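In: my questions are about this predicted structure, shown below with the sequence.
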Amino acid sequence: MMTANEIRDSYLKFFESKGHVIVPSAPMVIKDDPTLMFTNAGMNQWKDIILGTKDPEPRRRTDSQKCLRVSGKHNDLEEVGRDAALSHHTMFEMLGNWSFGDYFKEGAIDYAYEYLVDVLHLDPKDLYVTVFEGDKAEGISRDDEAASYWEKHFPKNHIVNGNKHDNFWEMGDTGPCGPCSEIHIDFRSEEEKAKVPGEELVNKDHPQVIEIWNIVFMQFNRKADGSLDPLKMHVIDTGMGFERLVRLMQGKNSNYDTDIFAPVIAEIEKISGKKYNHTFPEGDNGEGINEEQKVDIAMRVVADHLRAVAFSIADGQLPSNAKAGYVIRRILRRAVRYAYTFLGQKEAFMYKLLNVLVREMGTAYPELTAQRELIGRVMKEEEDSFLRTLEKGIMLLNGAMDELKAHGQTQLDGKEAFRLFDTYGFPLDLTELICAENGYTVDEKQFNEEMAQQKARARNAAAVENGDWEILREGEQEFVGYDYTEYECHILRYRKVTQKKNSFYELVLDHTPFYGEMGGQVGDQGVLVSEDETISIIDTKRENNQSVHIVKELPKNLEADFMACVDTEKRDASAANHTATHLLDYALKQVLGEHAEQKGSYVSPDTLRFDVSHFQKITDEELRQVEKLVNEMIRKDYPMDEHRDTPMEEAKKMGAVALFGEKYGDKVRVVRFGPSCEFCGGIHATSTGRIGFFKIVGESSVAAGVRRIEAMTGETCENAIYVLEDTLRDLRSMFNNAKDLKAVLTKFVEENDSIKKELESFRAQAVSRAAKNMVEHAETVNGVHVVKTVLPIDPASAKDIVFKVREALPEKLVCVLGSVSVYENRPLLSIMLSDDMVKDYDLNAGKIIREAAKLIQGGGGGQPHYAQAGGKNADGIRSAVDKVIELISL
């Protein structure tokens, strides 16, 4: 039986023998494409070639591409671990071969048949292929050409017509597209095959008749108005699901039984003490799923999500609350929630599986091995954080169920369930599970309505409408920004873009000195000048391997001769900060060690930010050493030593530092400043002396094992010094122009601390007197001590007072204190109950205070024995105190 690694190698070597160049997988995380966060198909890294903005050589390529599908059109997340075929994954590998203007339909079909039948020895009697049946509305006829080539290999009953949904591939609403042929395999028993022919089950979601390979014939370009134009260069784009292929070759019932997942699942069994039973899910939306199946689903979810999270972190994407980082956090939390609920894992455990994953996949993907420590630390911190969130969510949910019980209700409000989800990250299915265990249901319809409203708000806020490119001239853009800041140019094409009801235009020039935002460096600004007018370029983005210039209005004469002029003041400031990040990168490695790798950066004219892998706070002394080393390199005024179009291997021999998670071509640009040498496509200072001066102004943590350094350079440093000088001058004048300001301030702080201690002593005495007075004036109602009053005191004193009253009256106590801060005129309501009142009288201070707080236009909560609520209406505080006594009803 072939192993997964052997199958992957066989595919790549087969296509290498057919003249294809084996290329490495692109990073799974896409950093410089505003339209896509993750690689979700093998073709993503060839987008620029397909769109005609990048050289297609070499024209034949093959690889195994890491992919992630969790949202939008390709949403596999909720299917993972529970779909009938057990073949959906978040992270997966896509085997692919491409032809850019080389072979087309016949070649692609012949290669696919040869590999599957002659190399892997699959029985052609089990294979079925689909062809596009055509679309009358679009005016597209059936793909008879592809069908004729398939007929060389299969009888006609193995060639199935497919509709537009299944057999017409599109990159998006606009762009390259074309018909496709899918290859399906039927691995049912011979008895089942005899009952129902395989062709009747193609694309019918049968778990044993599945698609394994899709061959896309890109031959059209979809315009914004929906019309189709022929593509200038025909493209073959194929994708074969690696996990499904391994399953077939190893004769397993599911992908999770193969050697891709089995070692990880075995480790989950070992850690959790639970057994994987190889069960298949039944029912829909969880109905009819027994405990064994729930355990199996949880193990599959964890095994799958482990790969997605680990590979994303290895490619440079840390979990966060925004964009791609939020997707990764969501995947990890989903796995943690399944492990918590069904595998009994109340502590972080996913990170413990990492060693097995690295052992199994580290050879094929060395970035996993290189980033193992960082991945493990980040995962553990994220797990610990979410487990704390789960505990808090459960506490809040228990409180909500207590409310239901008190009011005789059996259904949790959907808005409350959504609040738990939206504010605390508490998933709906876990809310439903806990509620069901306690005899309650959840208003799922209302929850979904709240979710739909939130998604609609997000879509409206982010909605972008791109018009068609209006082509004025044929040709491709040439970037001249490394050598020039002004250059003669013409507009090649433009389009209108509408976002949040605001419109602007994007221009592509034939020659441009403008650098488009990429690699953390902001885009250039400037002007486009013709004989008759000047147009402001407010930003420059990088899209499809070209600079796209953003303008608020179009030139009156689009065909005019223009001069593109970069704002050199802003450009030079950004360039200096960018060069400073290179020096900072070098200095950090010298001071902290070679493990200090760049994990992100942001460079603008005013500031620079640099994220670096390091597993503890960088000390003040280390930061000072880094600053000194950077400024030493600035003073040496190292000139920029630039090497363009350098072959990758040659660049590595030069000692150039590459970043994990970055995509590099066969040729790269190398930038050296003295001892610093890196791969880099950005704009730099001509020499380090142009930076002027470097100063670190902040150091903080952004994730487990990642520190963030914020710094400034040059004129920004100079201005900061002026601000400090003015501040010191003002301070001296406040202290009669004292010569030794530090000594004066030290004495001032000491005197202030002494005064604070005296005031705290007075406050403590006042608190004791107030508590004693309240106890002395306590009323007795049916054997219960009732203490209530309103005082003009601060919140801290209010809390201390009620606790002191409880010390004096530990049993049969109801203490209600209304207070109003004399400084802010803000009311505060405090309730303290003795433990026997909570137990014997079934009282809960947290619930009671929520009702009474309405009288002060506020809200709050707390524990059964103690709760506080703030508000806005100070006039209502006495009524609120009386309301508490009324609700307790002694």
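Out: Sure thing, it's come through. Quantities reported herein were computed from a predicted structural model and do not represent experimental measurements.
In: burial count for the closest residue to residue 614 other than its chain neighbours?
Out: Once flanking residues are discounted, residue 614 sits nearest to residue 707: 4.9 Å by C-beta to C-beta, 6 or more residues apart in numbering. For the C-beta atoms, the positions are set from N, CA and C on the backbone; glycine is no exception. Neighbour count for residue 707, taken as other C-beta atoms under 10 Å: 22.
In: which residues touch residue 508?
Out: 469, 477, 491-494, 546-549 (C-beta atoms under 8 Å, 6 or more residues apart in numbering).
In: just the buried members of those?
Out: Buried members of these, scored by 16 or more other C-beta atoms under 10 Å, are 477, 491-494, 546-549.
In: returning to what we had before: quick check: the farthest pair among the contacts of residue 508?
Out: Taking C-beta to C-beta as the measure, these span a maximum distance of 14.7 Å, between 469 and 547.
In: which stretches in the stretch 301-450 of the chain count as helices?
Out: For the stretch 301-450 of the chain, applying DSSP state H, counting those that start in this stretch gives helices covering 323-342, 354-361, 366-370, 372-406, 414-424, 428-437, 444-462.
In: how about residue 496, what does it touch?
Out: Contacts of residue 496 by C-beta under 8 Å, 6+ apart are 467, 503-505.
In: any idea what it is bridged to?
Out: With DSSP bridges as the criterion, residue 496 is bridged to residue 505.
In: out of the buried ones among the contacts of residue 508, which one sits closest to residue 154?
Out: residue 546 (42.7 Å).
In: in contact with that closest one, which residues are there?
Out: By C-beta under 8 Å, 6+ apart, the neighbours of residue 546 are 53, 476-477, 479, 508, 516.
In: mind doing that once more with 10 Å?
Out: Residues in contact with residue 546 (C-beta atoms under 10 Å, 6 or more residues apart in numbering) are 48, 51, 53-54, 476-479, 492, 508-509, 512, 516.
In: among the residues you listed, which are in strands?
Out: Using DSSP state E, the members of those that fall within strands are 478-479, 492, 508-509, 512.
In: and which of the residues you listed is nearest residue 365?
Out: Nearest to residue 365 among the ones in strands among the contacts of residue 546: residue 479, at 32.0 Å, using C-beta to C-beta.
In: check what pLDDT the closest one gets.
Out: pLDDT, residue 479: 97.
In: show me the contacts for it.
Out: Contacts here follow C-beta under 10 Å, 6+ apart; on that basis residue 479 touches 487, 509, 511-516, 542, 545-547, 681.
In: need the max-distance pair from the contacts of residue 496.
Out: Largest separation among those by C-beta to C-beta: 467 and 504, giving 11.1 Å.
In: which neighbours do the two share?
Out: Residues touching both residue 467 and residue 504 (C-beta under 10 Å, 6+ apart): 496-498.
In: all strands for the stretch 101-250 of the chain, in order.
Out: For the stretch 101-250 of the chain, the strands defined by DSSP state E, counting those that start in this stretch cover 127-132, 159-162, 168-170, 175-186, 209-222, 228-241.
In: so which of those is nearest residue 442?
Out: Closest to residue 442 of those, according to C-beta to C-beta: strand 209-222, at 34.7 Å.
In: partner strands of the closest one and their direction?
Out: Note on strand 209-222: by DSSP bridges, its sheet partners are strand 175-186 (antiparallel), strand 228-241 (antiparallel).
In: what mean pLDDT does it get?
Out: The pLDDT scores in strand 209-222 average 93.
In: what of stretch 182-193?
Out: On average, stretch 182-193 scores 95.
In: flag every buried residue along it.
Out: 182-188, 193.
In: kindly report the same for stretch 51-61.
Out: Going by neighbour count (16+ other C-beta under 10 Å), the buried part of stretch 51-61 is 51, 54, 56, 59-61.
In: give me the most central residue, the protein.
Out: Geometric centre of the chain, nearest residue: residue 325, 1.8 Å, by C-alpha atoms, centre = their mean.
In: not counting its neighbours along the chain, what's nearest that one?
Out: Of all residues not flanking residue 325 in the chain, residue 319 sits nearest, at 5.5 Å (C-beta to C-beta, 6+ apart).
In: and the nearest residue to residue 425 once chain neighbours are set aside, how far from residue 426?
Out: Residue nearest to residue 425 in three dimensions, not counting chain neighbours: residue 389, with 5.3 Å by C-beta to C-beta, 6+ apart. In this view, residue 389 and residue 426 are 7 Å apart by C-beta to C-beta, to the nearest Å.
In: quick one: common contacting residues for those two?
Out: Residues touching both residue 389 and residue 426 (C-beta under 10 Å, 6+ apart): 333, 337.
In: between these two, point out the one with more neighbours.
Out: With neighbours defined as other C-beta under 10 Å, residue 389 and residue 426 compare such that residue 426 has more, 23 against 17.
In: stretch 219-232: which residues count as buried?
Out: Using 16+ other C-beta under 10 Å as the test for burial, stretch 219-232 gives 219-222, 231.
In: please apply the same query to stretch 498-508.
Out: By neighbour count on 16+ other C-beta under 10 Å, the buried set for stretch 498-508 is 505-508.
In: closest to residue 452 among the residues you listed?
Out: Using C-beta to C-beta, these come closest to residue 452 at residue 506, 31.8 Å.
In: wait, what's in contact with the closest one?
Out: 466-467, 469, 493-497, 539-541, 543, 548-551.
In: looking at these, which is nearest residue 667?
Out: Among the contacts of residue 506, residue 543 lies closest to residue 667 (C-beta to C-beta), at 21.2 Å.
In: hmm, the closest one is touching residue 36, no?
Out: No. With contact defined as C-beta atoms under 10 Å, residue 543 does not reach residue 36; the gap is 11.1 Å.
In: if we can go back for a sec, JSON lines for the buried ones among the contacts of residue 508, including distance to residue 774?
Out: Listed next are the buried ones among the contacts of residue 508 as JSON lines, based on distance: C-beta to C-beta, whole Å:
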{"residue": "477", "distance to residue 774": "79"}
{"residue": "491", "distance to residue 774": "80"}
{"residue": "492", "distance to residue 774": "82"}
{"residue": "493", "distance to residue 774": "79"}
{"residue": "494", "distance to residue 774": "76"}
{"residue": "546", "distance to residue 774": "75"}
{"residue": "547", "distance to residue 774": "73"}
{"residue": "548", "distance to residue 774": "71"}
{"residue": "549", "distance to residue 774": "72"}
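In: so which of the residues you listed is the closest to residue 784?
Out: Nearest member of the buried ones among the contacts of residue 508 to residue 784, counting by C-beta to C-beta, is residue 548, at 74.4 Å.
In: related to what we said a few turns ago, using JSON lines, lay out the buried residues of stretch 51-61 together with distance to residue 460 and pLDDT.
Out: Below are the buried residues of stretch 51-61 laid out as JSON lines (distance: C-beta to C-beta, whole Å; pLDDT from 0 to 100):
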{"residue": "51", "distance to residue 460": "28", "pLDDT": "79"}
{"residue": "54", "distance to residue 460": "34", "pLDDT": "81"}
{"residue": "56", "distance to residue 460": "39", "pLDDT": "88"}
{"residue": "59", "distance to residue 460": "43", "pLDDT": "95"}
{"residue": "60", "distance to residue 460": "44", "pLDDT": "97"}
{"residue": "61", "distance to residue 460": "40", "pLDDT": "96"}
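In: of these, which belong to helices?
Out: Of the buried residues of stretch 51-61, none are assigned to helices by DSSP state H.
In: widest-spaced pair of those?
Out: The most distant members of those, if one measures by C-beta to C-beta, are 51 and 60, lying 19.0 Å apart.
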